[in-house]
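Trainee: my questions are about this predicted structure, shown below with the sequence.
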Protein chains: 2
Amino acid sequence: MKAEILATGDEILTGAVIDSNSAYIAQKLEEAGIEVVRHGCVGDDVEAIAAILKEISTRADMAVVTGGLGPTLDDITAEAAARAAGVELVFDREAMSCIENFLKTQGRDVIALNKKQAMLPEGAECLFNSVGTAPGFVLRIGRCVFFFLPGVPSEMRRMLSDGVLPWIDKLQKGERSFSLVKTISTFGLTEASVNERLAGLTEKFSGIKLGLRARFPVIYVKLYVRGKDKKRADILLEKALEFVFNKIGECAFSADGESMETVVGSLLRREKATIAVAESCTGGLISHLLTNVPGSSDYFFFSGVTYSNKAKIKVLGVSEATLKKYGAVHEETAKEMADGARRIAGATYGISTSGIAGPGGGTNEKPVGTVCIGIATADSVEAYRLNFQFNERLRNKIIFAITAFDLLRQKLLKHKGKASETH
Amino acid sequence: MKAEILATGDEILTGAVIDSNSAYIAQKLEEAGIEVVRHGCVGDDVEAIAAILKEISTRADMAVVTGGLGPTLDDITAEAAARAAGVELVFDREAMSCIENFLKTQGRDVIALNKKQAMLPEGAECLFNSVGTAPGFVLRIGRCVFFFLPGVPSEMRRMLSDGVLPWIDKLQKGERSFSLVKTISTFGLTEASVNERLAGLTEKFSGIKLGLRARFPVIYVKLYVRGKDKKRADILLEKALEFVFNKIGECAFSADGESMETVVGSLLRREKATIAVAESCTGGLISHLLTNVPGSSDYFFFSGVTYSNKAKIKVLGVSEATLKKYGAVHEETAKEMADGARRIAGATYGISTSGIAGPGGGTNEKPVGTVCIGIATADSVEAYRLNFQFNERLRNKIIFAITAFDLLRQKLLKHKGKASETH
């Protein structure tokens, strides 16, 4: 079954609101084994909506349409649907009692505007809305079964699961297929080189579809499989996953699409280790990411965001001599920062960053994009100097932070002596 | 001029990624006086992309297409465009040198896959990409001028402003109507109550279009005006702006759509004041936001992200007795944290947060969503206790951080004695 999704509304068309409904609906339909082939969006305009409904009715087996079912004047989706189907709007008793019931639970009265919401295209079947006044409806136009839902995300979601998905099960009868997806998170390779390394994958594993998705600076490898035999698909996916890990090597850090900070957190937790951070150029981002993970207080103790040299000396115990001799952006300073944070907090590991995020502050020797990263343990302190060329303050902060996490991750993996621990 | 927007990519079609590009493009086109009439999305499928390009070419005057310009095999937009236009892909020297130049700045070599990116439809004109390898291109198909841009938001945004918008200016020639937009940032009111307070605005100022846009937890009020007489429009906009500030009061913190951290930074700078932070539940987010603003090192000295009580005592000098008597989440603790950070860093202001971001850690007395915020100056230390009901860790961190900024902002404004300073 091929499906399309249509969002209606000026607020989406003009970009005032980002359409999150269509992505949600697409996911749910894909999970139900329906192939989504197109999304669309038009404004609050009867002609425009009717036109696109007609187009869809010649292409798709089913469609989900959101928006324009409210009580106000610019809610005109039912009228457009009637026009596309070549029928009239008629008063629907079931829709009216659905509206009355909902208003009753809210202690509110039915007003004239609500009655408009009970006018559905002739032949439509009402879809119950338990969380709002706007009833949805199902209507066949041409070869396509249309499900019309409100645009309010919470109402749409509820009606999709209560009303639409069971209906789809019926439409699919015994023929139901399913789709599986696996996401591998990678860091350290460009999209092009991930792709190059995975050349031959789709030929080797027929039935697997490959997709890459970049969310700076992480590249996600997505493996999709669709079919009727779930067991066979599971085995295929498992083998393709192994192929990916072999090709990507230690740049692959999660087989479940996890974030870098989640993976580092899990490794720390597994080792019963704790962490303290000293941040200069990352300005708190490392700690922010670490503490986005629920339960991170088990292993994260302290971060000193020391933007001024005075704070580096006073809080982290960096020596004035080191700062004078080498400057703030230097491996030696990074080492003392990492070690200082670790000692103060009594943590297993200390990591630090000192660098130049830009746009100002660069020199010939230390251009914008330079970062020194320190990692301290009870036994050793190491530091690395790297340079990135993103030329944008926030991007630099992000790449500095994720690189620091990745260096710690590699260390934690070596410590366990098993590079396969993340899988 | 009528425009359409098309997003391509399986990740968007299947709902793995929410398409934020189309909304962004729609806004920019609307601001340039272009009428956006439809959005669409199809997957990484040459036939499907070519088909929808052909449809658009019969309806629209211009179109912006995103995605599928990368170096990998599933990047097939150029091929689809060539097919829709009935031309061949040809090697484009300008595109190749654009790719080479970018890779050079990254210290990377051109690989075979990059050469694929220089194959453009015959007759296409290359659009320079200064922030990635994928050059875009402009191609006329039928009556429609298509702008093809990469799907990576940062690259798309840069190329839209550098390449597409100037081109559109040329397309519009003398007939150009213009559109102005003004964005007021507000914090502390719900979208519904902002809407309620601004009732009557569009009737009072005929020609002004009002849009609200929520980007948690800030509600942006957008005022649009479109026309040919710029002077008249400027005056109208100025009057409508005044109306908005009168109705929203001190919840409006910027007339230029600035972020809260930018406004707080400007106020600190104007006062030649400096700041230090002590963060518990916000986990580094306050410092991260402060340091996202270029030049923030002029006024931001230090943040102690003290997740453990030990760090609160050792680094910030919070007294053990206070922690024992009141606990970590308490006004008294917040006061000592703010004052400690301020003293250590020698800053004008100290602000602190201690609270429960969740999902765990809540009690009956201090449920998830509770935060204590301290503000210290040389003369005084204040603390506030608030509770929010967002029930999501990251949302709680964000609302805690922005609330702390807002309390400081109000203090800075009162200090200057002029509430109009932000305008």
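Mentor: Looks like it arrived, so ask away. Numbers count the residues shown, from 1 in each chain, chains lettered A, B, ... in the order given.
Trainee: show the contacting residues for the nearest residue to residue A:165 once chain neighbours are set aside.
Mentor: Counting by Cβ to Cβ, 6 or more residues apart in numbering or on different chains, residue A:32 is the residue found nearest to residue A:165 once chain neighbours are left out, at 6.1 Å. All C-beta atoms are positioned from the backbone trio N, CA, C, and that covers glycine. Neighbour list for residue A:32: A:165, A:168-169, A:172, A:176, A:178 [criterion: Cβ atoms under 8 Å, 6 or more residues apart in numbering or on different chains].
Trainee: show me which of those residues is closest to chain B.
Mentor: Closest approach between the contacts of residue A:32 and chain B, by Cβ to the nearest Cβ: residue A:178, at 13.5 Å.
Trainee: next, the closest residue to the closest one other than its chain neighbours: phi, psi?
Mentor: Leaving aside its chain neighbours, residue A:178 sits nearest to residue A:33 (4.9 Å; criterion: Cβ to Cβ, 6+ apart). Main-chain torsions, residue A:33, degrees, to the nearest 10: phi 90, psi 10.
Trainee: now do residue A:33: how many residues are near it, please.
Mentor: 18 (other Cβ atoms under 10 Å in any protein chain shown).
Trainee: show the pLDDT at it.
Mentor: Note for residue A:33: predicted pLDDT of 82.
Trainee: quick check: the gap between it and chain B.
Mentor: Going from residue A:33 to chain B by Cβ to the nearest Cβ, to the nearest Å gives 12 Å.
Trainee: surely that residue meets residue A:180?
Mentor: No. The criterion here is Cβ atoms under 8 Å, and residue A:33 misses it with residue A:180 at 10.6 Å.
Trainee: anything in contact with each of the two?
Mentor: In terms of Cβ under 8 Å, 6+ apart, residue A:33 and residue A:180 are both contacted by the residues residue A:226.
Trainee: okay, buried residues for the helix or strand harbouring residue A:396 please.
Mentor: Under the criterion of DSSP states H and E, residue A:396 resides in helix A:393-416. By neighbour count on 16 or more other Cβ atoms under 10 Å in any protein chain shown, the buried set for helix A:393-416 is A:393-409, A:411-413.
Trainee: check stretch A:19-26 too.
Mentor: For stretch A:19-26, a neighbour-count test (16+ other Cβ under 10 Å) marks A:19-26 as buried.
Trainee: next: stretch A:223-233.
Mentor: Neighbour count says stretch A:223-233 has A:223-226, A:233 buried, by 16+ other Cβ under 10 Å.
Trainee: between the residues you listed, which sits nearest residue B:105?
Mentor: Proximity of those to residue B:105 (Cβ to Cβ) peaks at residue A:223, which lies at 32.8 Å.
Trainee: can you pull the contacts of the closest one?
Mentor: Listed by Cβ under 8 Å, 6+ apart, the contact set of residue A:223 reads A:181-184, A:208-210, A:237, A:240-241, A:244.
Trainee: for residue A:27, same thing?
Mentor: B:14-16.
Trainee: that one belongs to a helix?
Mentor: Yes. Counting by DSSP: H, G, I helix; E, B strand; the rest coil, residue A:27 is found in a helix.
Trainee: which stretches of the stretch 251-400 of chain A form helices?
Mentor: A:260-270, A:285-292, A:309-316, A:320-326, A:331-345, A:393-416 (DSSP state H, counting those that start in this stretch).
Trainee: what lies in contact with the second one?
Mentor: For helix A:285-292, the external contacting residues (Cβ under 8 Å, 6+ apart) are A:259-261, A:264-265, A:275, A:277, A:279, A:296-297, A:300, A:303, A:305, A:351, A:353, A:397-398, A:400-401, A:404-405, B:279, B:282-285, B:287-288, B:291, B:305, B:307, B:357, B:393-394, B:397.
Trainee: what residues does the stretch 51-200 of chain A put near chain B?
Mentor: Applying Cβ under 8 Å from any Cβ of the partner chain, we find that the stretch 51-200 of chain A lies next to chain B at A:52, A:181, A:190-193, A:195-196.
Trainee: can you redo those residues as CSV with distance to residue A:141, secondary structure and neighbour count?
Mentor: Formatted as CSV, these follow (distance: Cβ to Cβ, whole Å; DSSP: H, G, I helix; E, B strand; the rest coil; neighbours: other Cβ atoms under 10 Å in any protein chain shown):
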residue, distance to residue A:141, secondary structure, neighbour count
A:52, 11, helix, 22
A:181, 31, strand, 18
A:190, 46, coil, 20
A:191, 41, helix, 21
A:192, 44, helix, 24
A:193, 47, helix, 18
A:195, 41, helix, 22
A:196, 46, helix, 16
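Trainee: dump the strand or helix carrying residue A:233 to CSV, restricted to CA.
Mentor: Residue A:233 is part of helix A:230-248 when elements are defined by DSSP H and E. Output in CSV follows, covering the C-alpha atoms of helix A:230-248 (Å, rounded to 0.1, in the frame of the first residue of the first chain):
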residue,chain,number,x,y,z
LYS,A,230,10.5,-11.1,10.1
LYS,A,231,12.9,-13.8,11.2
ARG,A,232,14.7,-13.6,7.8
ALA,A,233,14.9,-9.8,8.0
ASP,A,234,16.3,-9.9,11.5
ILE,A,235,19.1,-12.2,10.4
LEU,A,236,19.8,-10.1,7.4
LEU,A,237,20.0,-6.9,9.5
GLU,A,238,22.3,-8.5,12.0
LYS,A,239,24.7,-9.5,9.3
ALA,A,240,24.6,-6.1,7.6
LEU,A,241,25.3,-4.6,11.0
GLU,A,242,28.4,-6.7,11.4
PHE,A,243,29.6,-5.6,8.0
VAL,A,244,29.1,-2.0,8.9
PHE,A,245,31.1,-2.3,12.2
ASN,A,246,33.9,-4.1,10.4
LYS,A,247,34.2,-1.4,7.8
ILE,A,248,33.8,1.6,10.1
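Trainee: whether it contacts chain B - can you check?
Mentor: No. Applying Cβ under 8 Å from any Cβ, one finds helix A:230-248 separated from chain B by no less than 14.1 Å.
Trainee: from chain B, how far out is the residue nearest the centre of chain A?
Mentor: Nearest to the mean C-alpha position of chain A, counting by Cα atoms, centre = their mean, stands residue A:215 at 9.0 Å. Counting by Cβ to the nearest Cβ, the separation of residue A:215 from chain B is 8 Å.
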